[in-house]
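Q: Provide a 3D model corresponding to the input given below.
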Amino acid sequence: MGITELKRKGRKNRARANNATNRIKQLTRKPEIRNVDVEAIKASFAEKKNS
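A: Alright, predicted model coming up:
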């Protein structure tokens, strides 16, 4: 008796697993932390609010 390979199903399952993994990685990814001047940002919001 021969063994049949379900190639399309295998590809589909692997693609599903990879998509799920990538989705989780995307959700847990954090942006690169840079030196940010918080006070300058607050001042710019205050200026926008006043004008």
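Q: Following the chain past the longest helix seen in the chain, name the next helix or strand.
A: Criterion DSSP state H: the longest helix present in the chain is helix 7-28. For helix 7-28, the following helix or strand on the C-terminal side (DSSP states H and E) is helix 38-50.
Q: so where's this structure uncertain?
A: 1, 51 (pLDDT under 70).
Q: ok, the spatially most central residue of the chain to Ile3 distance?
A: Note on the chain: the residue nearest the mean C-alpha position is Gln26, at 2.1 Å, using Cα atoms, centre = their mean. Note on Gln26: its distance to Ile3, by Cβ to Cβ, to the nearest Å, is 37 Å. C-beta coordinates here come from the backbone N, C-alpha and C atoms, glycine included.
Q: likewise Ala20?
A: Counting by Cβ to Cβ, the gap from Ala20 to Ile3 is 28 Å.
Q: again, but for Arg29
A: The value you get for Arg29 to Ile3, if Cβ to Cβ is used, is 41 Å.
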